[in-house]
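Q: have a look; sequence and predicted model below, questions after that.
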Amino acid sequence: MSTEELSRIIEMAWEDRTPFEAIKVQFGLDQQDVIRLMRSELKETSFKRWRKRTGGRSTKHLKKREFVIGRHKCSRQREISSNRTGKLFSASKPS
């Protein structure tokens, strides 16, 4: 896994509204894989803070959400994002 991918996974894991399912789709890591990765990459205190923060958060799990968020793509995403989803969206646009 590249440094950029690792950085993006950690960023997505910290985001409140990014569900673990999105990380699985983009990077193939399920929730337990993300937890292991965060444990190995973060300082112990940061990991504990992250676990406490995500532990009861329903927005981190699609099945627990009371609302559905539509897929929104920023017009600049292709230029600033190196993840597979950004490339898939840009590849599917007609020229």
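A: Thanks, I have it. Numbering: from 1, shown residues only.
Q: pLDDT of the one helix or strand Met12 maps to, averaged?
A: If you go by DSSP states H and E, Met12 is part of helix 3-14. Averaged over helix 3-14, pLDDT sits at 92.
Q: next: stretch 27-42.
A: pLDDT averaged over stretch 27-42 gives 94.
Q: buried sites along it?
A: Buried residues in stretch 27-42, counting neighbours by 16 or more other Cβ atoms under 10 Å, are found at 27, 29, 31, 34-35, 37-38, 42. Where you see a C-beta, it was placed from the backbone N, CA and C, and this is true even at glycine.
Q: rewinding a little: kindly export the helix holding Met12 (C-alpha atoms) in CSV.
A: Taking Å, rounded to 0.1, in the frame of the first residue of the first chain, the C-alpha atoms of helix 3-14 are listed here in CSV:
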residue,chain,number,x,y,z
THR,A,3,1.9,6.2,1.5
GLU,A,4,-0.8,8.2,-0.3
GLU,A,5,-3.3,5.3,0.0
LEU,A,6,-2.4,4.9,3.7
SER,A,7,-2.9,8.6,4.3
ARG,A,8,-6.2,8.6,2.6
ILE,A,9,-7.5,5.6,4.5
ILE,A,10,-6.5,7.3,7.8
GLU,A,11,-8.2,10.5,6.7
MET,A,12,-11.4,8.7,5.7
ALA,A,13,-11.4,6.8,9.0
TRP,A,14,-11.2,10.0,11.0
